[in-house]
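>>> quick one, what's the 3D model for this:
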Amino acid sequence: QKLAEIMQLHQWSQKWSLPSLSPACTQVETYLRFAEIPFSVGTFDNVSTSPAGVLPTIESRDRIIGSEKLSGNSNIEGFESCNQIISHLRKVKDLDAELSPLDLANVHAFTALATAKLLPATVYFTFLDPVGYRSYAQAEYACGLPFPLSVALPWKWQRGVAAKWGALTACTVLEDARLVYSALEAHLAGSTGGGYFCAGRPTSIDALLFAHLNYHLRAPMFEDELRVSLSQHPALCAYLRHISNRHFTAPSAPPHTLPPVIPPTDEERTAAAELRSTCDTLRSQGWTAWLPFSWGADTKGPPKRTPKEQAFKRRSQMFMAFMASSVVLYTLVTGVVQIADINDEDDDDEDDDDEY
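The predicted structure follows:
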């Protein structure tokens, strides 16, 4: 199919030696590169400043694709937008069109496996893990926002993600991701795919796997949990290096060396494990997050609270009152809302009447 113009890819900015802060954006960019579809890139540090208020999206022929029935706050992970875009790109060039029945079956099987096991690990350690989210993701996703939005919106994003993925626990996603690593290692070690998953050329599964695995290997929130496990699979690491070297050769491409890993101390590991366990327990009891009075999407009404939970709710309400006051103060200080001095106007009117 002949393209009338170059597509414009709107995505999160580069970070941590990755093509994009968001693995969903990386998946779209990788598919475009594999398909050799001409495109340009526009990067954003703030989802609200993007043309559609959603990332990723592509703009083609005055049409924005990837934002249908979505908003940046409800799609901060970006994978719903990614699925819409990939479906559109398949109509331009389907990377799986000429696969043999056996290769196509393998692609479908491992796509389902990655979606069921790798995607939850990506979402959990980016948005639900109390250690990784507070230390890394929250600051990066909110870096383009002014106070108090830089505090309020990340809280809202995490609450929304937890409502959709709240059943995840650190133990489950770690075990599942490591099983997928082993399955992929066995497949690639015995494969004749020439550096790709199959058929000696890139397919849709390669874009999906590269987006998640490269993120697990480079993003700092994975360094103590999954990066070490992934690094122990030589075929997987060679697979990622091949795709990176072959398809990301522009000056802005990520470097092919891993950032240094500073292993946490035993005390830090213990504290992180206890915090994750506490948050997972709260979500399993019907709380969508470890943040203020957030009920699970599947609960019917508020759960019965212990005295400690009631005290926590009171503190949370005080926090929300403070946030509301901060918003009002921010609008007044910045001049968004101005209050006129009615008394002065009345005095001026009386003076005019006296003179008359």
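>>> give me the neighbour count for residue 27.
Counted by other Cβ atoms under 10 Å, the residues lying close to residue 27 total 27. Yep, even glycine has a C-beta here, placed from its N, CA and C like the rest.
>>> so the nearest residue to it once chain neighbours are set aside is in which element?
With sequence-adjacent residues excluded and distances taken as Cβ to Cβ, 6 or more residues apart in numbering, residue 27 is closest to residue 211, at 3.7 Å. Using DSSP states H and E, residue 211 sits in helix 204-218.
>>> ok, residue 41 next?
Counting by DSSP H and E, residue 41 is found in strand 39-44.
>>> same deal with residue 64?
Using DSSP H and E, residue 64 maps to strand 63-65.
>>> buried ones in the next helix or strand after that strand?
Note on strand 63-65: by DSSP H and E, the next helix or strand toward the C-terminus is helix 79-92. By neighbour count on 16 or more other Cβ atoms under 10 Å, the buried set for helix 79-92 is 79-82, 84-86, 89.
>>> and which of those is nearest residue 133?
Nearest to residue 133 out of the buried residues of helix 79-92 is residue 79 (Cβ to Cβ; 17.0 Å).
>>> which stretches in the protein count as helices?
Taking DSSP state H to define them, one finds helices in the chain at 23-35, 79-92, 101-123, 130-132, 138-141, 149-165, 170-189, 204-218, 228-231, 234-247, 266-284, 307-333, 342-355.
>>> can I get those helices in JSON lines with distance to residue 55 and mean pLDDT?
Output for the helices of the chain, formatted as JSON lines (distance: least, Cβ to Cβ, whole Å; pLDDT from 0 to 100):
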{"stretch": "helix 23-35", "distance to residue 55": "6", "mean pLDDT": "97"}
{"stretch": "helix 79-92", "distance to residue 55": "7", "mean pLDDT": "95"}
{"stretch": "helix 101-123", "distance to residue 55": "16", "mean pLDDT": "96"}
{"stretch": "helix 130-132", "distance to residue 55": "20", "mean pLDDT": "80"}
{"stretch": "helix 138-141", "distance to residue 55": "10", "mean pLDDT": "87"}
{"stretch": "helix 149-165", "distance to residue 55": "12", "mean pLDDT": "86"}
{"stretch": "helix 170-189", "distance to residue 55": "24", "mean pLDDT": "94"}
{"stretch": "helix 204-218", "distance to residue 55": "14", "mean pLDDT": "96"}
{"stretch": "helix 228-231", "distance to residue 55": "26", "mean pLDDT": "90"}
{"stretch": "helix 234-247", "distance to residue 55": "21", "mean pLDDT": "94"}
{"stretch": "helix 266-284", "distance to residue 55": "26", "mean pLDDT": "64"}
{"stretch": "helix 307-333", "distance to residue 55": "24", "mean pLDDT": "70"}
{"stretch": "helix 342-355", "distance to residue 55": "45", "mean pLDDT": "53"}
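>>> okay, the ones you listed in a markdown table with distance to residue 69 next?
As requested, those are exported to a markdown table (distance: least, Cβ to Cβ, whole Å):
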| stretch | distance to residue 69 |
| --- | --- |
| helix 23-35 | 16 |
| helix 79-92 | 9 |
| helix 101-123 | 20 |
| helix 130-132 | 29 |
| helix 138-141 | 22 |
| helix 149-165 | 15 |
| helix 170-189 | 28 |
| helix 204-218 | 23 |
| helix 228-231 | 35 |
| helix 234-247 | 31 |
| helix 266-284 | 26 |
| helix 307-333 | 28 |
| helix 342-355 | 45 |
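>>> among these, which is nearest residue 62?
Closest among the helices of the chain, using Cβ to Cβ: helix 79-92, at 14.5 Å.
>>> residues contacting the residue nearest to residue 27?
23-24, 26-27, 30 (Cβ atoms under 8 Å, 6 or more residues apart in numbering).
>>> mind putting these into TSV with distance to residue 134?
Below are the contacts of residue 211 laid out as TSV (distance: Cβ to Cβ, whole Å):
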residue	distance to residue 134
23	19
24	21
26	23
27	26
30	29
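>>> quick check: closest non-adjacent residue to the most centrally placed residue in the chain.
Taking Cα atoms, centre = their mean, the centroid of the chain lies closest to residue 77, which sits 3.4 Å from it. Distances taken as Cβ to Cβ, 6+ apart place residue 123 nearest to residue 77, at 5.8 Å, with adjacent residues excluded.
>>> thought the one you found was touching residue 168?
Yes. The pair residue 123 / residue 168 is scored as a contact, 7.2 Å apart, by Cβ atoms under 8 Å.
>>> what is in contact with these two at once?
When Cβ under 8 Å, 6+ apart defines a contact, no residue borders residue 123 and residue 168 alike.
>>> for the residue nearest to residue 231 when sequence neighbours are not counted, grab the count of nearby residues.
Spatial nearest neighbour of residue 231, excluding adjacent residues (Cβ to Cβ, 6+ apart): residue 237 at 6.5 Å. Counted with other Cβ under 10 Å, residues neighbouring residue 237 total 16.
>>> hmm, residue 237 is touching residue 230, no?
Yes. With contact defined as Cβ under 8 Å, residue 237 reaches residue 230; the gap is 7.4 Å.
>>> now for those two: what residues contact both?
Common neighbours of residue 237 and residue 230 (criterion: Cβ under 8 Å, 6+ apart): residue 217.
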